[in-house]
Structures are given as structure tokens and as C-alpha cells.
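J.: one predicted model, sequence on top.
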Amino acid sequence: MATSTDEYDVIVIGGGPAGENAAAYAVAGSDRSAAIIEHELLGGECSYWACMPSKALLRPAEVLAAGRAMPGVRETIGEATLDRRAVFTRRDEFTSHHDDSGQRQWAASVGVDVIHGSAALTGERTVELSTGGHGDPPTRTLRARHAVVLATGTLASIPPVPGLREALPWISRDATNLREVPERVAIIGGGVVATECATWLLALGVRELTVIVRGSALLASAEPFAGDLVTESLRASGATVLFGTSPGAVRREQPRDTGVGRIHGGPVTITLDGRERGEITVDEVIVAAGRHPATSGLGLASVGLTDGRTPTDDHLAVLGVPGEWLYAVGDVNGRAALTHMGKYQGRVCGDVISARAEGRALDGARFTASADHAQVPQVVFTSPEVASVGRTERAARADGIDVETVEIDIAVAGSSLARDDFAGRAKLVIDRGTDTLVGATFAGTEVAELVHAATVAVVGAVPMESLWHAVPSYPTVSEVWLRLLEARRG
């Protein structure tokens, strides 16, 4: 039986970036109250186990590669390799050594209470809190006057391969927080997590790296040339990439949980099925084969929902729940599983809750989440980087859009000056009917900063003729925009 009852205007379950934004925007400039319930660390997966540590691991390798590609620098660094200890130290600083006190100070500064514990819905606007763990008796009952927001994110999925779960494989949390660098590693998966992980492991000195991909390409949802370039780069760096192949069985000698980021026991033998057959033996196996919504134990059945993804309307209200009091933001709703999109949804959701609490009409674009349909930007921080926004050519045609495309190598004065080995490719997907950009992809050395210009063009539906007058500065890599427009003119 609950021992106390508390009431807030807004209750957010899940303290990652999406939930933080929803809470902050819902109470901004008002006397409304909000609480975030988080069972781990405030800041969530991105801050401690995903975006921040992964990029902290990837950046040193980028800098070293850039130095090797620059006369006057490469002669100085010679055959230098990364200092693992220094890389890990910087990574730990960016994750605040898994200390969320700074995030808690931020929450207090914007008027949001943080409650540590596990939460479950028990009915309309009602949440039971356990300060122990899921399944423990509730210690408090919380009620929301206006809204409850689900922001619980996702969890790594382990495929049902015989022996795989028993082998205690690494998941993304182990890989981003590694304390030991295995000599031999197998990665199961070919998406963003798998390719970024492969990139930093090779840079940190993994001797044998095998990427096991069930499909026929890396980054299968991207433009084909992007995955091809990443595959070529990984192979050139010493990786073995196996397509059309799956693990049929896994066994590990003396599996034991040694802690996050440490080798979990003896050697691992993986039996391969598919195009490649046989066995490989590694020191650690990393599972990067997708994620699933973290809704188990969340009490969705109490409001007529089932565990799994929680689809929403464009105001981020959960579909199938009357009364417009239950919302979902971030990865849990399945709209766009990216931190920046979750934060965007949190901002929209918070504004919607604020307006409804004050009886204001939802007039204006700020109250509608539109960007996470076909205007989503993303960067994969591999070598080369892959930066994209909107639809690929394949997706646009599947949506019935009459498109034309322009695709060229990135070879401009700015790229030549950036480094001697600059290489890359760019592609625009254009709607013939409206003469506007509906998608763009850049794959190449440090192209991440190119994608925001494309995002503005896609979201703003800027006519291609107008882009001719958006003159790129010289000499920058952005001059590729001029080359793309010239290629279209013929």
C-alpha cells in the first residue's frame, strides 16, 4: 500500500533529454509544478551510455587521422597511436563519471523536482512510485493535474540465438564505457551503433574485428553509396565485414559478469550461418541488433494499452487514450529514435501541455511535431561520416514522389585544403512537382556540419532556384552545394 500521495501538474516518467525538455517547457514561465521520475541517472542513455561517450571515443581518432593527412603535422606525429588512458579519461569527463548532480542542479533551477525510483501507471493521471525497483511495493502515489509524459526510451535487444544471452555479450552500454580493449571482437549488426562501435574499436587497437551483418549492406536505410563507403573504410582499416550472415549459435568459456565495459569471461565461439559458414573465436561479442521500447512494468494495461511502442498524434498525445492527458516523447513512441528528435518532441509536447493547461488554442507550428515525419536529420560518426536529412531516393519513390536526383563526388577547393585524403560523395533528392529538396545525403570526411543547411532547405521547402542564390563561402567544403546545383543545370 502506498504510504503517501503527492500531486503535480505534470509528471514525466523517464529523465533522458526528451523527458527533461518536456518537463522544462511544460512549466516554463508559470507556477505549474512538475516532477521527473528516473530510476537510473538524470540525463538518460544519451548522457552516460550513448551519444556523449560514443562521440568522445570517436573524436580522438578523427583528429589523429586528420593530422596524418596534413603535411607538416604527419611528420611530427609519425606512427603515433591513441593513448587509450587519455581517451578514456576524457570520455569519463564527458559522462561526468556517471554523476548526475549537475543535471539535478539544472532541474532545480527550472523548477522541476527529480524523484529517484520506478514508476507505473495505475489509471488516469495516476502513477505509483517505487523507490526500490520494478516489482517492489509502491511507496508513493503521484497524481497529475494536467499530464503524464512517458519518456522511458528503449533497451538493447538480444536476438534469440542459442547461447547468445548466456554468453553475456556486450551491449552498447559496455562498448561506449569500455575499460578493457579486447584483442578480438565480433559485432552483430550493421546499423549506426555497430558501425560507430567498429570505428572506435579499430582506432583503439583491436587486432581482429568481425562485423556480422544479416542483410546485404551497412547502414541499410541510408543511400547505398554511404554504406558502401563505410564498408570500404572499415575493411581498409582491417575489419572483416560479412554480409548475408547470422550467428547460428554462440558459446563462451566460463562466462562471468565482470562489470560494464570489461571482458565477460573466456573466449567466445560463434557459429556462422548464411553466406559465410564456419566458426570464429573472439574475446568479446557485441550485440548491436536493434532496440525495443522500455515499457515493461510501466502499467500501460491500466490505461488500455499494450507493452511496446506508444504511437502518438502530432501533439505527442498517446493514441487510444481519451482525455489528452497522456503523452509520449523520445524513442518510446517510435517516431524517430534520435536524441535531437526526442528533445524536439519534448519541446513541442511541453508547449502543448502548457497551452492546454492555460486554456489556450493550439494555434501555430510550435504545437505540432512535423519534423519527425520526413525531415529528420542524422549524422553517423563513422569514417567517413554520413550526414543526411529527409528522404532517400528509395524512400521518396516509395512515397509516390516524382523525384530527380543529383549525385557527385565532394571535390572542391575547401575539401582539398581540409586534408590531403579528403574523399566523399553527396546526393540531393528533389521533388519535380514542387522543385524543392526532399532529401540530402553527404558521406565523407567531417561532413556533419553540412547537413544543417540541407535541413533548413528541406524543412523550409526552399525552391531549388532560390538555393542558387545561397552562395557558399570560399574556400569551404560547403561549396559542394554550388557543384550540386551546377550538375543539375547540366
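T.: Done, it's in.
J.: so where is this protein shaky, pLDDT-wise?
T.: 1-5, 133-136 (pLDDT under 70).
J.: not counting sequence-adjacent ones, nearest residue to the spatially most central residue of it?
T.: Nearest to the mean C-alpha position of the chain, counting by CA atoms, centre = their mean, stands Leu338 at 4.0 Å. Sequence neighbours aside, Gln378 is the residue nearest to Leu338 in space, at 5.9 Å (criterion: CB to CB, 6 or more residues apart in numbering). C-betas here are computed from N, CA, C, even on glycine.
J.: how about the helices in the stretch 1-150 of the chain?
T.: Per DSSP state H, counting those that start in this stretch, the stretch 1-150 of the chain carries helices over the ranges 17-27, 44-49, 51-68, 74-77, 84-94, 101-109.
J.: tell me which of those helices is the most buried.
T.: Across those, the average number of neighbours (mean count of other CB atoms under 10 Å) peaks for helix 17-27, which reaches a mean of 27.
J.: tell me the helices and strands packed up against that one.
T.: strand 5-13, strand 34-38, helix 44-49, helix 101-109, strand 112-116, strand 140-150, helix 339-357 (3 or more CB pairs under 8 Å, 6 or more residues apart in numbering; DSSP states H and E).
J.: redo those as JSON lines? Include distance to His315.
T.: Shown next, in JSON lines, are the helices and strands packed on helix 17-27 (distance: least, CB to CB, whole Å):
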{"stretch": "strand 5-13", "distance to His315": "15"}
{"stretch": "strand 34-38", "distance to His315": "18"}
{"stretch": "helix 44-49", "distance to His315": "23"}
{"stretch": "helix 101-109", "distance to His315": "24"}
{"stretch": "strand 112-116", "distance to His315": "21"}
{"stretch": "strand 140-150", "distance to His315": "11"}
{"stretch": "helix 339-357", "distance to His315": "5"}
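J.: between the ones you listed, which one is closest to Gly320.
T.: Nearest of the helices and strands packed on helix 17-27 to Gly320, taken as CB to CB: strand 140-150 at 13.1 Å.
J.: who does that closest one pair up with?
T.: If you go by DSSP bridges, strand 140-150 pairs up with strand 5-13 (parallel), strand 126-130 (antiparallel), strand 326-328 (parallel).
J.: in that strand, what's buried?
T.: For strand 140-150, burial by neighbour count (16 or more other CB atoms under 10 Å) applies to Arg140, Thr141, Leu142, Arg143, Ala144, His146, Ala147, Val148, Val149, Leu150.
J.: quick check: closest non-adjacent residue to the fourth one.
T.: The shortest distance from Arg143 to any residue that is not its chain neighbour, by CB to CB, 6+ apart, is 4.8 Å, and that residue is Glu7.
J.: distance of the one you found relative to Glu38?
T.: Distance of Glu7 to Glu38, given as CB to CB, to the nearest Å: 19 Å.
J.: the two: who's more crowded?
T.: Legend: neighbour count by other CB atoms under 10 Å for Glu7 and Glu38, higher for Glu38 (27 against 13).
J.: run a quick neighbour tally on the residue lying closest to the more buried one once chain neighbours are set aside.
T.: Leaving aside its chain neighbours, Glu38 sits nearest to Gly15 (3.2 Å; criterion: CB to CB, 6+ apart). Look at Gly15: counted by other CB under 10 Å, it has 30 neighbours.
J.: please apply the same query to Glu40.
T.: Residues within reach of Glu40, counting by other CB under 10 Å, total 16.
J.: which residues does it contact?
T.: Going by CB atoms under 8 Å, 6 or more residues apart in numbering, Glu40 touches Gly15.
J.: and of the buried residues of strand 140-150, the nearest to Ala22?
T.: Nearest to Ala22, judged by CB to CB, of the buried residues of strand 140-150 is Val149 at 4.8 Å.
J.: what residues are up against the closest one?
T.: Val149 is in contact with 10-14, 19, 22-23, 26, 326-329, 349, 353, counting by CB under 8 Å, 6+ apart.
J.: and it, how far is that from Gly15?
T.: According to CB to CB, Val149 stands 11 Å off from Gly15.
J.: same thing with Gly153?
T.: 10 Å.
J.: to Pro169, which of the helices and strands packed on helix 17-27 lies closest?
T.: helix 44-49 (15.5 Å).
J.: can you list contacts of that closest one?
T.: Outside helix 44-49, the residues that reach it (CB under 8 Å, 6+ apart) are 14-20, 38, 41, 52, 95-96, 98, 100, 103, 153, 172-173, 176-177, 339.
J.: ok, now stretch 228-241?
T.: 195, 198-199, 202, 208-211, 213, 217-219, 380, 382-384, 386, 423-425, 443-444.
J.: taking those residues one by one, which sit in strands?
T.: Among the contacts of stretch 228-241, the residues falling in strands (DSSP state E) are Glu208, Leu209, Thr210, Val211, Val380, Val386, Gly424, Arg425, Ala443, Gly444.
J.: would you map the strands across the stretch 301-450 of the chain?
T.: For the stretch 301-450 of the chain, the strands defined by DSSP state E, counting those that start in this stretch occupy 326-328, 377-380, 385-390, 403-409, 424-431, 436-444.
J.: which one of those strands is the most hemmed in?
T.: Comparing those by mean count of other CB under 10 Å gives strand 326-328 as most buried, with a mean of 29.
J.: list of residues touching that strand?
T.: Strand 326-328 is contacted from outside by 22, 121, 147-151, 303, 310, 312, 315-318, 349, 352-353, using CB under 8 Å, 6+ apart.
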